[in-house]
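A.B. asks: here is the input, now give the coordinates:
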Amino acid sequence: MKLDPFYLIVDSAAWIERLAPLGVRLVQLRVKNLNEAALRAEIRKAKALCAEHQCQLIVNDHWGPAIEEGCEFVHLGQEDLQAADLAQIRAAGLRLGVSTHDHLELETGLAAKPDYIALGPVYATILKKMKWAPQGLERISEWKHRVAPIPLVAIGGLNPDRLDGVFAAGADSAAVVTDITLNDDPEARTREWIEKTDQWR
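C.D. replies: Reported below is the predicted structural model:
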């Protein structure tokens, strides 16, 4: 399986509606703290928008609603991975991405037979407080060696200036949140990411 090298992560379908028309091909919907009805509405809207713009949608955490809404891809953090029914996810035909931050989590992630592995934070990130120090580019190379041929997603503190190093180290895709969503001009920054990652597409 090949992932698009530009992996956008947003917290609402509104962001997808705003940025997908620019040419985004891979987006994760990472919705927190919504009730069931609102969550399903977000997933439904995101799914329709992604279909309209030929963008692959990955639903973070909420694998049950993702199955019921007919989605094709879920991403699970380690805690959600422990609680998830992997057999049900597979039986529904969903593909699976898994977050990892250390060797133990990598072993756990690989045991789930994922369709990609994410490693983070590559650099310091302002998105959330993390107990892990920045992994650095050497860890990307180590992870790539361990997970290949499973695609490897790098995440954490990435921006267009850091992409050459991330892909040279072995990443197949680079995930981004705040470099775009907190940018003064998210549309222009999205175009910059698309253009910069074109050589790995």
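
A.B. asks: centre of the chain to the lengthiest helix in the chain, how far?
C.D. replies: Longest helix in the chain by number of residues (criterion: DSSP state H): helix 36-52. Centre-to-centre, helix 36-52 and its host chain are 17 Å apart (C-alpha atoms, centre = their mean, to the nearest Å).

A.B. asks: and that helix, what does it pack against?
C.D. replies: helix 13-19, strand 26-29, strand 56-60, helix 63-68 (3 or more C-beta pairs under 8 Å, 6 or more residues apart in numbering; DSSP states H and E). For the C-beta atoms, the positions are set from N, CA and C on the backbone; glycine is no exception.

A.B. asks: give the buried residues for the helix or strand encompassing Arg139.
C.D. replies: Per DSSP states H and E, Arg139 falls inside helix 136-147. Residues of helix 136-147 classed as buried: 137, 139-140, 142-144, 146-147 (neighbour count, 16 or more other C-beta atoms under 10 Å).

A.B. asks: could you do stretch 15-28 as well?
C.D. replies: Those buried within stretch 15-28 under the rule 16+ other C-beta under 10 Å are 15-20, 23-28.

A.B. asks: ok, now stretch 178-195?
C.D. replies: 179-181, 186, 189-190, 192-194.

A.B. asks: need the CA coordinates for that stretch. PDB is fine.
C.D. replies: Output of stretch 178-195 as PDB, limited to C-alpha atoms (Å, rounded to 0.1, in the frame of the first residue of the first chain):
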ATOM      1  CA  THR A 178      -0.500  22.800  13.600                       C
ATOM      2  CA  ASP A 179       2.000  23.900  10.900                       C
ATOM      3  CA  ILE A 180      -1.200  24.300   8.800                       C
ATOM      4  CA  THR A 181      -4.100  24.800  11.200                       C
ATOM      5  CA  LEU A 182      -2.300  27.500  13.200                       C
ATOM      6  CA  ASN A 183      -0.700  29.100  10.200                       C
ATOM      7  CA  ASP A 184      -1.800  32.700   9.300                       C
ATOM      8  CA  ASP A 185      -2.800  31.400   5.900                       C
ATOM      9  CA  PRO A 186      -3.700  27.700   6.100                       C
ATOM     10  CA  GLU A 187      -4.600  27.500   2.400                       C
ATOM     11  CA  ALA A 188      -1.200  28.900   1.300                       C
ATOM     12  CA  ARG A 189       0.600  26.600   3.700                       C
ATOM     13  CA  THR A 190      -1.300  23.600   2.400                       C
ATOM     14  CA  ARG A 191      -0.400  24.400  -1.200                       C
ATOM     15  CA  GLU A 192       3.200  24.700   0.000                       C
ATOM     16  CA  TRP A 193       3.100  21.200   1.600                       C
ATOM     17  CA  ILE A 194       1.500  19.700  -1.600                       C
ATOM     18  CA  GLU A 195       4.100  21.300  -3.800                       C
END
